[in-house]
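Peer 1: sharing a model prediction with you, sequence too.
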Amino acid sequence: MGNESCLFCRIVAGTIPAEFVHQDERCLVIRDINPQAPMHMLVIPREHLESLDDAAQKDEPLLGHLLRVGARVANDEGHGESGYRTVINTGAGAGQSVFHLHVHVLAGRALNWPPG
Ligand code: AMP
Ligand code: ZN
């Protein structure tokens, strides 16, 4: 279900151009336009869910798929050994700026803990 006012729905629909690193029937992976690490990907479900807070029990297989695709992409980019970070910002106070659920996958530099 495409939402014309949602940036990531528009990327899913192909009306905003993006470089797809991976695509399957449930999600796609693009490079973040404002990378916070040498590798910064976004795993985006095709289905519009506003945030993790919107996910229901029926979405559990999708959530697992998004994480596994993130892991695969990080490995494909050569970061399996050195490590990578998967992040889901939920809510404006946690840094969410696009209200279509997505998983950030970051790698290629030392990542501090706790995150800012
Ligand atoms: P969040 O702040 O967690 O909602 O993450 C949204 C991310 O989307 C940010 O890291 C942005 O840099 C990224 N972003 C925004 N517009 C685009 C775009 N057109 N293509 C790729 N990434 C984008
Ligand atoms: Zn959307």
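Peer 2: Everything's here; your move. Please read all numbers here as calculations on a predicted model, not as lab measurements. Numbers count the residues shown, from 1 in each chain. Ligands and ions are numbered 1, 2, ... in the order given.
Peer 1: ok, now which ones touch residue 23?
Peer 2: Counting by CB atoms under 8 Å, 6 or more residues apart in numbering, residue 23 touches residue 29. (C-beta placed from N, C-alpha, C; glycine too.)
Peer 1: I'd like the numbering to begin with 429 instead of 1 from here.
Peer 2: In the new count, where the first residue is 429, that last one comes out as residue 451.
Peer 1: who does it bridge with?
Peer 2: residue 456 (DSSP bridges).
Peer 1: now it: how far from residue 501?
Peer 2: Counting by CB to CB, to the nearest Å, the gap between residue 451 and residue 501 amounts to 11 Å.
Peer 1: how about residue 456?
Peer 2: With CB to CB as the criterion, residue 456 and residue 501 are 11 Å apart.
Peer 1: overlap in contacts, these two.
Peer 2: 450, 471.
Peer 1: so does stretch 433-448 get close to ligand 2?
Peer 2: Yes. Stretch 433-448 is in contact with ligand 2 by CB under 5 Å from the ion, via 434, 436, 437.
Peer 1: what residues does the chain put near ligand 1?
Peer 2: 435, 444, 446, 458, 460-462, 470, 517, 523-526 (CB under 6 Å from any ligand atom).
Peer 1: of the residues you listed, which is the most crowded?
Peer 2: For those, the largest neighbour count, defined by other CB atoms under 10 Å, is 22 neighbours, found at residue 470.
Peer 1: bridged to it, which residues?
Peer 2: Residues in beta-bridge contact with residue 470 (DSSP bridges): residue 458, residue 532.
Peer 1: residue contacts, it?
Peer 2: So residue 470 contacts 457, 458, 459, 460, 530, 531, 532, 533 (CB under 8 Å, 6+ apart).
Peer 1: of those, keep whichever come out buried.
Peer 2: Buried subset of the contacts of residue 470 (neighbour count, 16 or more other CB atoms under 10 Å): 457, 458, 530, 531, 532, 533.
Peer 1: between these, which is nearest ligand 1?
Peer 2: residue 458 (5.4 Å; CB to the nearest ligand atom).
Peer 1: now do the closest one, the pLDDT please.
Peer 2: Looking at residue 458, its pLDDT is 98.
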